[in-house]
Structure formats: structure tokens, C-alpha cells
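Visitor: how would this look folded up:
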Amino acid sequence: MLKFLRDKMKIVLIMVSVVFILTMFYGLGQLGMQGGFSMPGKGEGLARVNGKDVDVFRFNQIMGRLAAEQKGALDPMSLLYMQSMALSQLIDFTIIAQEGGKKFGANAPEVDRAVEDIMKANNVPDRRTFEQLLKKQGFSLENLKRMIREEIVVQKTTQNINSGVVLTPDDMREIRVQHILIKTAGEPAQKVLEEAKKGADFSGLAEKYSQDPGSASKGGDLGFFGKGAMVKEFEDTAYALKPGEISGLVKTDFGYHIIKMNESRLKENADKDKLLEEKKKNVFERWFSQVRAKSKVEIKNPMLSAFDLMLKGDLQGAAEGYKKAIKVQPESPYPHLFYGQLLARKGDLPLASQEYAKASSLASADPYLRLYIGQAYISASAAVSGEAAQAYKSSAQSEFERASALAGDSLEMRQSLAEFFKSNKLSSLLSEENDKIKVLKQRKKLEEELKTE
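Guide: Numbering: from 1, shown residues only. From the prediction side, this is the model:
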């Protein structure tokens, strides 16, 4: 479970070109084949950035692209993570477009050229046909042009930032320093600095006083690093030092640093083109982090807000979000399942099982969801013993049997069930499912033979 979450858990900063518009033709059909999970609380909206609603159609674009990258079925939590990641990318894009729009725009010829490129890439013969295709997607040419203008603004913003980036001699060298981190200013930090300046053993001071768990035991040694590896304030000071020189107190978001320069050397076999691209990326990310920090972002969708809070470790806030999602979508099983998993994570298995039961009562004919509710019960059974464990296992068995009953004569569904039972080491269920698959294959073979007679 949560394979997608494990594979995709990383910071995603969207770097968009006009070609991104092409993903609108992917659609979201793949998601529908993976359990019917849909965007909760449609009337609530997704999010607002600096008081402006984000573009739901662009969100669907990103979801379509992410879905197209997936080869297998995703469990509900992983699908929710996919939605959360899509929203995160959309928020990043919106922030860049809003900030860039203060300086740049897109004129009509630029937009028209982009439209022609999209038509050409999709083998669309003329504007009339193109508009018909857009209409089938619930879209219009004017809306598309609006999105293209935003894409062009993002492009111009990125290009403008990159245009001022050049390699310097410092980019061609790497340095090795030691540092002492003291998280608060005041007399202790000043005292350590004075001892270091007077010639006290820097490694010993780092081991005794540094509050950086990653380097304190190594005498504060950070090893060799190049430009862009450290936060700007630290990096600027470190690169300005001469070998053997010790800095003053350097303030960063982590606290106050005392830095000692040990060695500076040229990078071996340095690829200037690669270094330039890395520097452009670092400069852009620094610019974006500053703009992002000034932006007001509000995730309006309760399910996505709850999931975002959970990822940040705010379990209480996440719980309140899931409760709100339940009120917004009283007929949906998913908020109950997610809330139950959160309660289980907090150790409240009795309440969690109640939410699983509510999810089950609303699951109707969705075999995939039955599997994941059953898996939630299995996880609960592993955390207890005795009669409680047996009760959870019994509930899980019931869900798995319902999933199998709902699969009917679908060979594809049966094979998915077998794969699920195999990965979860449910040998008896796997054996039964394999028998049903064998029967279906024999029937299919017989039907094909009759057609050829």
C-alpha cells in the first residue's frame, strides 16, 4: 500500500512550457479504472492563491499527466496523494504566473503561434475541428488561450531569471569547511566564537557545543561542497573566507553558525554546461522560495487540506479536515476510510474500525475499495491480539469476499484481486481466486474456438 506515495514523495517545483497544454488530451479515464475515486467536495473549490481561485481545468491536466505515468492500480490513499501533488504543482504554477504577470504579458501573435503548435502536434487539420475537440473536453478556445497566456508568462519569467545567471570563478571551485551551529543568539554563541578566534581546537568546540546532529560528532566537518549546496547566507560567508580563517556569527534559518574554512580547490573535470544549468536551477529555486514565502495559500478542499496537514504532521488539524469532508460528502466512503486510517495512526483502533464500517456501508459495488477497507482491518489486527485481532481479521475476510463476489466474470478484475491477495500473503484467498481465473480463461478459450468454427 502507498507505493505511489513512497515513489513520489519529493518536492515538486513545476517548470512549465506551452507544450504542457498537450496533456489536456490525456483525460482522466485511467483513474476511473482504479476504483472510481473522484475529487471530493466539488462545490468547495480547490485552493486560493493570494485571493484568487486556482484553475480546476489545469488541475485536471496535471492529474491526467500523472495518471498517464502510472501502470498499475493505485490504492485510495495513493490516489489522494496524487491529487495533493497535482494541487501542489498547480499552486506553484499559479504563484509563478501571478508574480511574473506583474512584469510580463503575452501578445496575440504569441498565443496564436502556440495554438498552431498544439494543433500541429495533435494532427488537428483546422480551427473548426480543434474547437470541436475542445468542446468535447468541456472547454473553449478562449479558455485555452487564457491558459496559454499564463504558460507564456511563466516561460518569460523563467527565462528572465535564467538570463542573468553566469558562471563565476567560485562556481568552478569547491570548499571544505567546519561549522558550529548554535540555535539561539546570546552569550553562549558569543563565548564559543571568542574561544574559536583565540585558537581553541575547532573540532573539539564543535563536538562540545554544536547543535547540528549531522556534523557535531565529526568536529563540525561538512566535507567538500560547491555553490548552491548550502543556504545563501552560509554559502556567501564560507566562500569569502580564506583557508584557516574563521567567520563571525552567521545567521540563517537554522540558527547561528561559526564557520572555519579548511580547504579550497578547483573541481575536477568540471562540465561548464552542467554547472551552469545547476546554477540556473538553484537561482530559480531561491527566487521561487522567496516569492512562495510571501504568498497567501489557502487549500479550500477539505480532503486535500486534511491530507496536506497530515503530511506536515498536524494530525489534529487533519482529523478536523476529514470530519469536514465527511459533512461535505456524506454519501462518499473515502473520507471515512481516510479518517479511520488517521485514527488508527493515532492509536484509536475502536473508533477507526467504526469509520471502516461506515466506509464499507457506503462502498456499494466498488471491489477495489473493498480490498483497501479489508487491508485497513488487517493492519488493525496486527496492532492488537486475542479476540480483538480475530474480530478485525473477520471483518477483513468479509470485505475480501465481497470484493471477489463483485468481480463477477471480469478476468482483469480477478487478476487484480489475485495480485492483491498475493502481495498481502493471503494464500487461501489467492488459491480460490486463481481457481476462478482458471475457469474464466477456459471459458474464454472455448468461446474463441467456437467463433472460429
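Visitor: For residue 195, which residues are in contact?
Guide: residue 205 (Cβ atoms under 8 Å, 6 or more residues apart in numbering). No exception for glycine: its C-beta is placed from N, CA and C like everyone else's.
Visitor: What separation do you get for it and residue 78?
Guide: Noted for residue 195: a distance of 52 Å to residue 78, by Cβ to Cβ, to the nearest Å.
Visitor: With residue 396 instead?
Guide: 19 Å.
Visitor: Spatially central residue for this structure, please.
Guide: Nearest to the geometric centre of the chain sits residue 85, at 3.7 Å (Cα atoms, centre = their mean).
Visitor: how close does that one sit to residue 66?
Guide: 7 Å.
Visitor: With residue 55 instead?
Guide: Taking Cβ to Cβ as the measure, residue 55 falls 16 Å from residue 66.
Visitor: Between these two, which has more neighbouring residues?
Guide: It is residue 66, of residue 55 and residue 66, that has more neighbours when counted by other Cβ atoms under 10 Å, with 23 against 18.
Visitor: and the residue lying closest to the more buried one once chain neighbours are set aside, how many neighbours?
Guide: Of all residues not flanking residue 66 in the chain, residue 82 sits nearest, at 5.3 Å (Cβ to Cβ, 6 or more residues apart in numbering). By the criterion of other Cβ under 10 Å, residue 82 has 22 neighbours.
Visitor: any idea which helix or strand carries residue 82?
Guide: Residue 82 belongs to helix 76-100 when assigned by DSSP states H and E.
Visitor: May I see the buried residues of the helix or strand following that helix?
Guide: Going down the chain from helix 76-100, the next helix or strand is helix 108-121, by DSSP H and E. Within helix 108-121, the residues scored as buried using 16 or more other Cβ atoms under 10 Å are 110-111, 114-115, 118-119.
Visitor: which one of those residues is nearest residue 380?
Guide: Within the buried residues of helix 108-121, distances to residue 380 taken as Cβ to Cβ reach their minimum at residue 118, with 49.6 Å.
Visitor: What's the separation between that closest one and residue 96?
Guide: Taken as Cβ to Cβ, the span from residue 118 to residue 96 is 21 Å.
Visitor: Which of the three states applies to the nearest residue to residue 356 once chain neighbours are set aside?
Guide: Distances taken as Cβ to Cβ, 6+ apart place residue 340 nearest to residue 356, at 4.8 Å, with adjacent residues excluded. Following DSSP: H, G, I helix; E, B strand; the rest coil, residue 340 is assigned to helix.
Visitor: Hmm, residue 340 is touching residue 376, no?
Guide: Yes. If you go by Cβ atoms under 8 Å, residue 340 and residue 376 touch, sitting 6.3 Å apart.
Visitor: Overlap of the contact sets of these two?
Guide: In contact with both residue 340 and residue 376: 352, 356, using Cβ under 8 Å, 6+ apart.
Visitor: Just the buried residues of the helix or strand containing residue 369, please?
Guide: Here residue 369 is covered by helix 367-382, with elements defined by DSSP H and E. By neighbour count on 16+ other Cβ under 10 Å, the buried set for helix 367-382 is 367-381.
Visitor: for stretch 340-347, same thing?
Guide: 340-344.
Visitor: do stretch 219-233 as well
Guide: 219-222, 226-228, 230.
Visitor: Return the list of helices and strands in contact with the longest strand seen in the chain.
Guide: Counting by DSSP state E, the longest strand found in the chain is strand 255-266. On a contact count with 3 or more Cβ pairs under 8 Å, 6 or more residues apart in numbering; DSSP states H and E, strand 255-266 meets strand 173-182, helix 187-197, strand 221-225, helix 232-240, strand 250-252.
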